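Based on what follows, work out the 3D shape:
(one chain, ligands or ions: 1)
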Amino acid sequence: MNLAARKPEACPALVLNADFRPLSYFPLSLWSWQDALKAVFLDRVDVVAQYDTKVHSPTFEMRLPSVVSLKTYVSHARTPAFTRFNVFLRDRFTCQYCRSTERDQLTFDHVVPRSKGGRTTWQNIVAACSACNIRKGGRMPEVARMIPARKPRRPTMFELNERGRAFPPHYLHDSWQDFLYWDIELEP
Ligand SMILES: [Zn+2]
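Got it, this is the predicted structure:
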């Protein structure tokens, strides 16, 4: 057994769309090695790069894919889920009142307070640091003189994916880099 090779469980595959961009940045589109192999055998993906790790069966041996690309393009036109994470991502993890980027201080603020009929929607929730959240309290933005930096609205999937590229995950297999940072200038 090759000790340098990863265990199959540590070999997720980065999934690219047919245009060779990640299917999504947040969460980063990853499949387990089982799902990746299944898609290979169903001829739904091309293998773009591989791990050294091999899997065996009585009839075949194969290196596990580290990057696969879908054969059919998946459109990003669907609307994003209204989740805490996506609100943070839309607002770039930045307080919309003082522009602080201290992540552990980040909370959510109802622009129109709930006590004044404000609802929990894309159009009324912004990222706010806890200090600003407390300072604004139950007041209307005009009264508190605290107007969000950007008028909150529902983002498109494309916008969220663009934002997500600024927040790469901690762990990246070497062969994924090319697909994650394709807009950075390549060295000569
Ligand atoms: Zn703030």
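
contacts and neighbour counts: CA atoms only from here.
OK.

For residue 120, which residues are in contact?
Listed by Cα atoms under 8 Å, 6 or more residues apart in numbering, the contact partners of residue 120 are residue 110.

Check the spacing between it and residue 24 real quick.
Per Cα to Cα, to the nearest Å, residue 120 is found 25 Å from residue 24.

Go ahead and confirm residue 47 touches residue 40.
Yes: between residue 47 and residue 40 there is a contact under Cα atoms under 8 Å: 7.4 Å.

Please pull out the lowest mean pLDDT helix or strand from the chain.
helix 177-180 (a mean of 60; mean pLDDT, DSSP states H and E).

what's the longest strand belonging to the chain packed up against?
Longest strand in the chain by number of residues (criterion: DSSP state E): strand 45-56. Secondary-structure packing of strand 45-56 (3 or more Cα pairs under 8 Å, 6 or more residues apart in numbering; DSSP states H and E): helix 33-41, strand 61-70.

buried ones in it?
Across strand 45-56, burial judged by 16 or more other Cα atoms under 10 Å covers 45-54.

where's the residue sitting furthest away from the middle of the chain, which helix or strand?
Distance from the C-alpha centroid of the chain, by Cα atoms, centre = their mean, peaks at residue 58 (38.3 Å). Assigned by DSSP states H and E, residue 58 belongs to no helix or strand.

So for it, what pLDDT did the model give?
At residue 58, the pLDDT value in this model is 88.

rewinding a little: adding mean neighbour count, mean pLDDT and distance to the ion, write the helices and strands packed on strand 45-56 out as a markdown table.
Conversion of the helices and strands packed on strand 45-56 to a markdown table gives the following (neighbours: other Cα atoms under 10 Å; pLDDT from 0 to 100; distance: least, Cα to the ion, whole Å):
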| stretch | mean neighbour count | mean pLDDT | distance to the ion |
| --- | --- | --- | --- |
| helix 33-41 | 17 | 95 | 42 |
| strand 61-70 | 21 | 93 | 40 |
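
quick check: domain ranges of the chain?
Taking automatic domain parsing as the domain assignment, the ranges for the chain are 8-77+164-180, 84-144.

any idea how far the last one is from the chain center?
This means domain 84-144. Put simply, domain 84-144 sits 21 Å off its chain's centre (Cα atoms, centre = their mean, to the nearest Å).

try stretch 48-59
Computed by Cα atoms, centre = their mean, the separation of stretch 48-59 from the middle of its chain amounts to 28 Å.

Could you do stretch 74-86 as well?
Per Cα atoms, centre = their mean, the displacement of stretch 74-86 from the mean C-alpha position of its chain is 10 Å.
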